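In: With the sequence up front, the predicted model follows.
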Amino acid sequence: MVKELTNTQNLSLYERLGGEPGVKKIVNDVLDKNLSNPLIGHHFRHVDMNKLKQLVFEFFSMGTGGPHTYTGRDMRTAHTGLNISENDFTEANNDTLLALEENGVGQAEIDEVIAILNSLKGEVVRL
Ligand code: HEM
């Protein structure tokens, strides 16, 4: 059967977010916002942001159907001892929401990304 070029139903979330350039741009924007966010920026002050951007990109590529392998630590290990509160988590999600909107991502994809983030909350908050 011939596939319609305009049919986006079978595309992975990774592809619908714009593939490598799209996801990279979104991840970089989110982390820039996190760093300059007065409520949560302190968490990132001593972090190598270029390395973190690369790891978060790999993580998201792997989790959304992209071709990359995540080379970082598991979520629980990476966030243990960072003292991330529920409010910090909400604030980070707000930065993500804003970055997605600014990059023209559609509502369906926004909902999927936020659902993925929320599913990981227990491995990030109050550890
Ligand atoms: C579901 C939401 C989140 C995801 C998917 C996520 C993802 C990641 C990933 C992939 C890493 C790299 C792990 C590594 O260094 O091996 C990381 C590290 C880090 N995350 Fe998150 N993160 C989330 C939420 C948060 C929140 C809410 C904060 C703070 C407000 C935060 C702060 C950090 C910091 C500071 C590091 C660097 C730790 C270090 O270098 O030792 N993360 N995160």
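Out: Perfect, I can see it now.

In: And for the residue nearest to residue 102 when sequence neighbours are not counted, the neighbour number?
Out: In space, residue 102 comes closest to residue 29 once its chain neighbours are excluded; the distance is 6.8 Å by CB to CB, 6 or more residues apart in numbering. (Glycine included, C-beta is placed from N, CA and C.) Other residues lying near residue 29 total 18 when counted by other CB atoms under 10 Å.

In: what about residue 29, distance to residue 69?
Out: Counting by CB to CB, to the nearest Å, the gap from residue 29 to residue 69 is 23 Å.

In: what do you get for residue 75?
Out: Between residue 75 and residue 69 the distance is 16 Å, computed by CB to CB.

In: So those two - more neighbours on which side?
Out: A direct count of neighbours by other CB under 10 Å for residue 75 and residue 69 places residue 75 higher, at 15 against 8.

In: Let me see the backbone angles for the residue of the chain found nearest the ligand.
Out: Closest residue of the chain to the ligand, CB to the nearest ligand atom: residue 72 (3.0 Å). Residue 72 adopts backbone torsions of phi -90, psi -170, taken as degrees, to the nearest 10.

In: Also the one 10 residues further on?
Out: Phi and psi for residue 82, reported as degrees, to the nearest 10, are phi -80, psi -10.

In: So what's the gap between stretch 36-46 and the chain middle?
Out: Distance, stretch centre to chain centre, for stretch 36-46: 17 Å (CA atoms, centre = their mean, to the nearest Å).

In: Kindly export that stretch (C-alpha atoms) in PDB.
Out: Once side chains and other backbone atoms are set aside, the C-alpha atoms of stretch 36-46 remain, and they are given as PDB (Å, rounded to 0.1, in the frame of the first residue of the first chain):
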ATOM      1  CA  SER A  36      18.200  31.300  33.800                       C
ATOM      2  CA  ASN A  37      15.000  30.500  35.800                       C
ATOM      3  CA  PRO A  38      15.400  32.300  39.200                       C
ATOM      4  CA  LEU A  39      13.400  29.500  40.900                       C
ATOM      5  CA  ILE A  40      15.500  26.500  39.800                       C
ATOM      6  CA  GLY A  41      18.700  28.000  38.200                       C
ATOM      7  CA  HIS A  42      20.700  27.300  41.300                       C
ATOM      8  CA  HIS A  43      20.500  23.500  40.600                       C
ATOM      9  CA  PHE A  44      22.400  24.000  37.300                       C
ATOM     10  CA  ARG A  45      25.000  26.600  38.300                       C
ATOM     11  CA  HIS A  46      27.900  24.100  38.700                       C
END
